[in-house]
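**Q** what's the 3D shape of this:
(one chain, ligands or ions: 1)
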Amino acid sequence: MHSATAISHPNIAFIKYWGNRDARLRLPANGSISMNLDSLWTRTRVTFDGEFERDKLMINGECIEGTPLTRVSAFLGHVRQMSGINYFALVESTNNFPLGVGLASSASAFAALSLAATAAAGMQLDQRSLSRLARLGSGSACRSIPDGFVEWQAGENDESSFAFSIAPAEHWELTDCIAIISPIHKPVGSTEGHQLADTSPLQSARVSDAPRRLEVCRRAILQRDFETLAKIVELDCHLMHAVMMTSNPPLLYWQPKTLEIILAVQSWRASGIPACYTIDAGPNVHVLCIGEVSEWVTMRLKEIPGVLQVITANPGGATRLIEGEDVPS
Ligand code: DP6
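**A** Residues are numbered from 1 along each chain as shown. Okay, the predicted model is just below:
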């Protein structure tokens, strides 16, 4: 029996990943930039055992079958192939954030699984190889492997498509105040959504301008220039949602409340509050702000009727191995 446990944080993309050049290898249409979220985590233990007759998946203590198990099992296939281990595995995963509130869990899930599974199989991968492996499970998972502020370079092939840290978590005290407005599971998940990206006539324009946005975003992070970051993050969010809305069939993730929060954040920034917004494949709004104003932003978001909960997170660290039931401090 071989077992290992890893912990990983989800991430919020400042420059988004939407659409693949190769869906099987998850080679993205464009590079992306994100920040890990320290207060949210997935802890995963993987045990390979010659006695097991099939792979088994437990999430928050519940045995999971169907599509999630198939996806995890296919991923374990890569690890078995790389390591030469041919045992089935038990994957036990715990999330400290509520599932089903529309927060992405596949990033931290596949990042933690990559490290726990390879360690349990006796391998010691460097961060680049781990990021490449995590990418095969879920594209955004490759960005949860390195520390802090992270860039995923699109690359040309499996070898060159991986993520690396552009600044450590301590570099800039930003806060993500996540306004949860709907607990409903998204009707079209990201994996399916990526496949529709090329049906939008706007995708090629979004992709061809991506190197410029990546450059602006990278520089804004390195220089801690919030105003520049705010503008590029919102532009990139609008571009991705424009592609989603003009796909065939169209994907419309926003709800009236989403727009209400967008307008509120715009008015706060106009009055000098360093805050901006971004939205993933769901209706919830991530309000990014400078740490100093995060309490004010959280309070104002909570005052908006229909905001069910506000979850806050600062820049988080890399995916790492832990002993037993440890949780991040
Ligand atoms: C809108 O990484 O969840 O959050 O590779 O199919 O697992 P799969 O997709 P996923 O897509 C993330 C999409 C996004 C934008 C982003 O995080 O960059």
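
**Q** only C-alpha atoms for contact and neighbour calcs from this point on.
**A** Noted.

**Q** The ligand contacts on the stretch 151-300 of the chain?
**A** Ser190, Thr191, Asp280, Ala281 (Cα under 6 Å from any ligand atom).

**Q** Is Ser93 in a helix, a strand, or coil?
**A** strand (DSSP: H, G, I helix; E, B strand; the rest coil).

**Q** can you pull the pLDDT of it?
**A** Model confidence at Ser93, given as pLDDT, is 96.

**Q** sorry, back to before: now that we have the residues of the stretch 151-300 of the chain next to the ligand, which of them are buried?
**A** Ser190, Asp280, Ala281 (16 or more other Cα atoms under 10 Å).

**Q** among those residues, which one has the lowest pLDDT?
**A** Among these, Ser190 has the lowest pLDDT, at 89.

**Q** Okay, and the residue nearest to that one when sequence neighbours are not counted sits in which element?
**A** Counting by Cα to Cα, 6 or more residues apart in numbering, Ala281 is the residue found nearest to Ser190 once chain neighbours are left out, at 6.5 Å. Secondary structure assignment for Ala281, by DSSP states H and E: no helix or strand.

**Q** again, but for Phe48
**A** Here Phe48 is assigned to strand 42-49, by DSSP H and E.

**Q** Pull up the pairing partners for that strand, direction included.
**A** Strand 42-49 sits in its sheet next to strand 2-8 (antiparallel), strand 88-95 (antiparallel), going by DSSP bridges.

**Q** Can you check which of those strands gets nearest to the ligand?
**A** When those are compared by Cα to the nearest ligand atom, strand 2-8 sits nearest the ligand, at 14.5 Å.

**Q** could you give me the average pLDDT of the next helix or strand after that closest one?
**A** On the C-terminal side of strand 2-8, the closest following helix or strand by DSSP H and E is strand 11-15. Strand 11-15 carries an average pLDDT of 98.

**Q** following strand 11-15, which helix or strand shows up next?
**A** Scanning forward in sequence from strand 11-15 by DSSP H and E, the next helix or strand is strand 20-22.

**Q** ok, that following strand: who's next to it in the sheet?
**A** strand 27-28 (antiparallel).

**Q** do the strand it pairs with and the ligand meet?
**A** No - applying Cα under 6 Å from any ligand atom, one finds strand 27-28 separated from the ligand by no less than 8.6 Å.

**Q** what's in contact with that strand?
**A** Residues outside strand 27-28 that contact it (Cα atoms under 8 Å, 6 or more residues apart in numbering) are 17-22, 139, 154-158, 161.

**Q** Can I get these in JSON lines including neighbour count?
**A** Formatted as JSON lines, the contacts of strand 27-28 follow (neighbours: other Cα atoms under 10 Å):
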{"residue": "Tyr17", "neighbour count": "23"}
{"residue": "Trp18", "neighbour count": "29"}
{"residue": "Gly19", "neighbour count": "25"}
{"residue": "Asn20", "neighbour count": "21"}
{"residue": "Arg21", "neighbour count": "17"}
{"residue": "Asp22", "neighbour count": "13"}
{"residue": "Gly139", "neighbour count": "30"}
{"residue": "Ala154", "neighbour count": "21"}
{"residue": "Gly155", "neighbour count": "16"}
{"residue": "Glu156", "neighbour count": "11"}
{"residue": "Asn157", "neighbour count": "14"}
{"residue": "Asp158", "neighbour count": "16"}
{"residue": "Ser161", "neighbour count": "23"}
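
**Q** The strand holding Phe48: which residues count as buried?
**A** For strand 42-49, by 16+ other Cα under 10 Å, it's Thr42, Arg43, Thr44, Arg45, Val46, Thr47, Phe48, Asp49.

**Q** so what's the residue of the stretch 201-329 of the chain found nearest the ligand up against?
**A** Using Cα to the nearest ligand atom, the single residue of the stretch 201-329 of the chain nearest to the ligand is Asp280, 4.1 Å away. By Cα under 8 Å, 6+ apart, Asp280 lies in contact with Cys237.

**Q** Ramachandran angles for it?
**A** phi -90, psi -150 (degrees, to the nearest 10).
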